[in-house]
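K.L.:
how would this look folded up:
(one chain, ligands or ions: 1)
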Amino acid sequence: MKEKVQAYIKEIDGFIATTPEDLDEFRIKFLSKKGLIPALFAEMRNVAPENRKEFGAILNNLKNRAQQKINDLKETLESSKDSRKDDVDLSLPANFMEPGSRHPLSVVRNEIIDIFSRIGFSVSEGPEIEDDWHNFSALNFPEEHPARDMQDTFFIEKNPDIALRTHTSSVQVRVMEKEQPPIRSIFPGRVFRNEAISARAHCIFHQVEGLYIDENVSFADLKQTLYYFATELFGKGTKTRFRPSYFPFTEPSAEMDISCFICGGKGCKICKYTGWVEILGCGMVDPNVLENNNIDSNKYTGFAFGMGIERITMLKYQINDIRLFFENDLRFLKQFESAV
Ligand code: PHE
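P.N.:
Alright, predicted model coming up:
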C-alpha cells in the first residue's frame, strides 16, 4: 500500500494539464467516488488498528495534494485563457511611431516668410490656374510679345486664355486690384513651366514674390531690403550683386546674385563655374502695371521681386539636383527639420 501511495504522489506531482478536459480526467482518476484515492481509504479496513492513525494521515495528505494540484492547474489554465482572449502582452515594447519631418522647401519658405514679416511684410496667396490678364497682360506683357516666350506656358483645355501660372507675379495683380497702397506683402506659391526636367530645372517649382508700393519708394529701398534678406538667410558674410536685367513689369529691372555657397566662389556645376548664383529677379514696378490696376503712378512708386525657393534651398543645404525635392525619398527628406 505504501508503494501505491509513493507511485500516486509521483504521478500527481508530474501531471501537466493543457486543457480543462485533461484536468477533469485527472480529477476523476484520483478523487471521484470510484477513483484511486477513495479506493485507498476503503483499504483502511485491512490495516492493523495501531497503524490506522498514521495511515489515515498519509492518505489525507495524498488527497490534499491531488486537490491542490487541481486548484493550481485550474488557475493556470484560466489565466492563460484570459490573456489569449485579450491578446495583450504588457511586457512587449511599444510600437515605434516615426515622427515626420518638414519638407526642405517648406522649411526654407517658412524662413523666408519669417525674415520678411520681421520688417512688416504680410503674406497673401493667389490661384495656380490663371487667366492671361493676371499672368501676362496686366503685367505689361504686350500680346504677341516675345517676352511671353521667356516662360514656356502650360495652357489648359486648348483655351489660350487659361493657363497654369508661370510665376507668382500674377498675385501682384490680384493684390493690387483689391488693395490700395501702402502695400507691403509677399506671395509664396507653386508655379509651372513647360521645361525639360534636369538637375537644375523642373516644370513645377516654387517662388516667393514680394511687392512694396507706397509714396517715395526708391531703388535704394529695394537694394537695402534684399541685402537685409540675403544676409539674414545666408549669414552676415554673404555677398550680393545686382545685374541689369529685363522684365516687362519692372523698370528698371535687375537680377540679384549671391556668392555661391557650394564652392565658396571658386566655381562649380551649380553656379556654372562663375562663383555667383542668381537667386531673384527684381525691379521698380512699371508705371503701366500700376495704372493697369488703378493705382496712381504719379503718386505712388514701388518695387517687386521674385525668387525660386528650390534654388535657394539647394544653395543653403548644398543640394546638387533639383529633382530630389520631388522624389519623396525618405532618406533625403529625413535630413531636414523635424516636424515635432
Ligand atoms: N516673375 C519673375 C520670374 O519669374 C521674377 C520677378 C518678380 C522679377 C518680380 C521682377 C519682379 O522670373
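
K.L.:
Pull up the pairing partners for the worst-scoring helix or strand of the chain on mean pLDDT, direction included.
P.N.:
Sorting the helices and strands of the chain by mean pLDDT, DSSP states H and E puts strand 155-156 at the bottom, at a mean of 82. With DSSP bridges as the test, strand 155-156 is paired with strand 159-164 (antiparallel).

K.L.:
got the buried residues for the partner strand?
P.N.:
Going by neighbour count (16 or more other Cβ atoms under 10 Å), the buried part of strand 159-164 is A163, L164. The C-beta positions use only the backbone N, C-alpha and C, and glycine is treated the same way.

K.L.:
Send me that strand as PDB with only the CA atoms.
P.N.:
C-alpha atoms of strand 159-164 as PDB (Å, rounded to 0.1, in the frame of the first residue of the first chain):
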ATOM      1  CA  ASN A 159      -8.100  77.700 -74.200                       C
ATOM      2  CA  PRO A 160      -5.300  80.200 -74.700                       C
ATOM      3  CA  ASP A 161      -6.800  82.500 -72.000                       C
ATOM      4  CA  ILE A 162      -6.400  79.900 -69.200                       C
ATOM      5  CA  ALA A 163      -3.000  78.700 -68.100                       C
ATOM      6  CA  LEU A 164      -1.100  77.400 -65.100                       C
END
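
K.L.:
Could you list the buried residues of the helix or strand following it?
P.N.:
Moving toward the C-terminus from strand 159-164, the first helix or strand encountered (DSSP states H and E) is helix 169-178. The neighbour-count criterion (16+ other Cβ under 10 Å) identifies S169, S170, V171, Q172, V173, R174, V175, M176 as the buried residues of helix 169-178.

K.L.:
Stretch 193-210 too?
P.N.:
Buried residues in stretch 193-210, counted by 16+ other Cβ under 10 Å: R193, R200, H202, I204, F205, H206, Q207, V208, E209, G210.

K.L.:
now the end-to-end length of that stretch.
P.N.:
Separation of the first and last residues of stretch 193-210 by Cα to Cα, to the nearest Å is 20 Å.

K.L.:
What's the mean pLDDT across it?
P.N.:
Averaging pLDDT along stretch 193-210 yields 94.

K.L.:
wait, K63 sits on L36?
P.N.:
No - using Cβ atoms under 8 Å, K63 and L36 do not qualify as a contacting pair, with a distance of 10.5 Å.

K.L.:
re earlier: pick out whichever of the buried residues of helix 169-178 sits closest to the ligand.
P.N.:
Top of the list for closeness to the ligand, among the buried residues of helix 169-178 and by Cβ to the nearest ligand atom, is S169 at 4.1 Å.

K.L.:
ok, that closest one touching G210?
P.N.:
No - contact criterion Cβ under 8 Å: S169 and G210 do not qualify, at 10.4 Å.

K.L.:
shared neighbours, those two?
P.N.:
Common contacts of S169 and G210, defined by Cβ atoms under 8 Å, 6 or more residues apart in numbering, comprise A304, G306.

K.L.:
Mind putting the buried residues of helix 169-178 into a markdown table with distance to S32 and pLDDT?
P.N.:
Converted to a markdown table, these look like this (distance: Cβ to Cβ, whole Å; pLDDT from 0 to 100):
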| residue | distance to S32 | pLDDT |
| --- | --- | --- |
| S169 | 96 | 98 |
| S170 | 93 | 98 |
| V171 | 91 | 98 |
| Q172 | 96 | 98 |
| V173 | 97 | 98 |
| R174 | 92 | 98 |
| V175 | 94 | 98 |
| M176 | 99 | 98 |
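
K.L.:
want to try a markdown table for the residues you listed, with distance to the ligand as columns?
P.N.:
Formatted as a markdown table, the buried residues of helix 169-178 follow (distance: Cβ to the nearest ligand atom, whole Å):
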| residue | distance to the ligand |
| --- | --- |
| S169 | 4 |
| S170 | 9 |
| V171 | 10 |
| Q172 | 7 |
| V173 | 12 |
| R174 | 14 |
| V175 | 13 |
| M176 | 13 |
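
K.L.:
Any chance of a markdown table for those residues, columns distance to F155?
P.N.:
Compiled in a markdown table, the buried residues of helix 169-178 are given as follows (distance: Cβ to Cβ, whole Å):
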| residue | distance to F155 |
| --- | --- |
| S169 | 18 |
| S170 | 15 |
| V171 | 20 |
| Q172 | 21 |
| V173 | 19 |
| R174 | 20 |
| V175 | 24 |
| M176 | 24 |
